[in-house]
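Q: have a look at this prediction, sequence included:
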Amino acid sequence: MSSAAQLVKPVTLELGGKSPIIVFEDVDLDKAAEWTAFGCFWTNGQICSATSCLLVHESISAAFLDRLVKWCKNIKISDPLEDGCKLGPVVSKGQYEKIFDFISAAKSEGATILSGGCRPEHLTRGYFVEPTIVSDVTTSMQIWKEEVFGPILCVKTFGSEDEAIELANDTQYGLGAAVLSKDLERCERLTKALQAGMVRVNCSQPCFCQVPWGGIKHSGFGRELGEWGLENYLHIKQVTQYISEEPWGWYKSPSKL
C-alpha cells in the first residue's frame, strides 16, 4: 500500500485473519464438530479465513470437545497424493518451525494441548503437523491473538450470546466468522453483530467464486471475487448532458442588460 501510494495507485488488501467459530448449546454435536474441524484444518490450516478460534457454550464444552477430539483423530494424515488424504504437509520448513514455536509458546503461557501438537509418528518425511486443539487459552496469549497459518485450533468457552460476540470481536482482524445454532433468529443477530467481512451460518469455509471475499480492520479492505471483485479494477466516469432547449439562466443574458 505504501509503494502504491507514491504513484497514487489504488490497491485492495487481503491480509489474513484470526476468525472465530461460535458453537451454541443447541447444535448437533457431530455436525458441529465436523464443521469446526473442517473450518480450521482444511488445506492443512493454511487458509486466511480459517476459523481457528473456537468459542463453545460452557454447557456443552466438555461433551463437544470430546466429540471434536474423536473427529480429529479420525483425520487421515498422509502424502496428499494418497487416496483419502485429508491433511497433508505445511508449505515449508520455515512454516513448520513457526507452527511448533506457537505450540511451545502456548504451553509456556499455560495452555493445554488437548489433542495433537506433534509430528505424526508414521510420517518420516515432509513438514507434517497433527491437527492440534489447544484449550485453557486466554485472550492475551499469542496463539489466540495471532494468525498461525497451520492446523491449530484454540478453544474458549462462553456463557451468553453477548459474551460470545464480545470475545469474537475482540481482535485486530475481521476477515471471517462462523456461527452454529439451530436458532436462526440468533444466527441472524450474530451475522449483523460480528465484525467480519464474511460470516458463515451452520457451516465454515465453503467458498464460492460468485460472492465477495475480503475483510475489515487489519484484515484489509476491498473485495475479491464476484462482481464486487471486478469493481476494484474499474474507473467510474460521470457524463452529464444538458438536454433542455432553455438557457441555464443562472446569469443575466447580456442581451437583456
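A: That came in fine, so what should we check first? Numbering: from 1, shown residues only.

Q: for the rest of this, base every contact and every neighbour count on C-alpha atoms.
A: Fine.

Q: can you name the residues that contact the residue positioned nearest the centre of the chain?
A: The C-alpha lying nearest the average C-alpha coordinate of the chain belongs to Ser49 (CA atoms, centre = their mean; 2.8 Å). Going by CA atoms under 8 Å, 6 or more residues apart in numbering, Ser49 touches 16-19, 175-177, 205.

Q: how about a cut-off of 6 Å?
A: Ser49 makes contacts with 17, 176, as judged by CA atoms under 6 Å, 6 or more residues apart in numbering.

Q: sticking with it, tell me its helix or strand.
A: Here Ser49 is covered by no helix or strand, with elements defined by DSSP states H and E.

Q: please apply the same query to Thr51.
A: Using DSSP H and E, no helix or strand contains Thr51.

Q: chain center to stretch 165-174: distance?
A: Counting by CA atoms, centre = their mean, to the nearest Å, stretch 165-174 is centred 11 Å from the centre of its parent chain.

Q: contacts for it, please.
A: Defining contact as CA under 6 Å, 6+ apart, one finds that stretch 165-174 is touched by 17, 20, 195-196, 215-219.

Q: so which bits of it are buried?
A: In terms of neighbour count (16 or more other CA atoms under 10 Å), stretch 165-174 has its buried residues at 165, 167-169, 171, 173-174.

Q: ok, back up a step: report the buried members of the contacts of stretch 165-174.
A: Buried, going by 16+ other CA under 10 Å: 17, 20, 195-196, 215-219, out of those.

Q: so how far is stretch 173-186 off the chain centroid?
A: 12 Å.

Q: before we move on, what about stretch 19-26?
A: Chain-centre distance of stretch 19-26: 13 Å, with CA atoms, centre = their mean.

Q: specify which member of the buried ones among the contacts of stretch 165-174 is nearest to Trp248.
A: Trp248 has its nearest neighbour among these in Ile216, at 45.1 Å by CA to CA.

Q: what's the closest non-adjacent residue to the closest one?
A: Of all residues not flanking Ile216 in the chain, Gly174 sits nearest, at 4.9 Å (CA to CA, 6 or more residues apart in numbering).

Q: greatest separation within the buried residues of stretch 165-174: which pair is it?
A: Between all members of the buried residues of stretch 165-174, the farthest pair (by CA to CA) comes out as Ile165 and Tyr173, at 14.1 Å.

Q: find the nearest non-adjacent residue to Val211, please.
A: Sequence neighbours aside, Gly226 is the residue nearest to Val211 in space, at 5.1 Å (criterion: CA to CA, 6+ apart).

Q: now the end-to-end length of stretch 175-187.
A: Using CA to CA, to the nearest Å, the gap from the first to the last residue of stretch 175-187 comes to 18 Å.

Q: quick one: buried residues of that stretch?
A: By neighbour count on 16+ other CA under 10 Å, the buried set for stretch 175-187 is 175-181, 187.

Q: which one of these sits closest to Arg67?
A: Nearest member of the buried residues of stretch 175-187 to Arg67, counting by CA to CA, is Leu180, at 15.5 Å.

Q: what about that closest one, distance to Ile22?
A: Counting by CA to CA, the separation of Leu180 from Ile22 is 6 Å.

Q: just Lys182 next, same as before
A: Separation of Lys182 from Ile22 (CA to CA) stands at 12 Å.

Q: ditto for Gly222
A: For Gly222, the distance to Ile22 equals 25 Å [CA to CA].

Q: those two - which one has more neighbours?
A: The neighbour comparison of Gly222 against Ile22 (other CA atoms under 10 Å) goes to Ile22, with 30 against 18.

Q: you'd agree the more buried one is in a strand?
A: Yes - counting by DSSP: H, G, I helix; E, B strand; the rest coil, Ile22 is found in a strand.

Q: for it, give me the pLDDT.
A: Reading off the confidence values, Ile22 has pLDDT 98.
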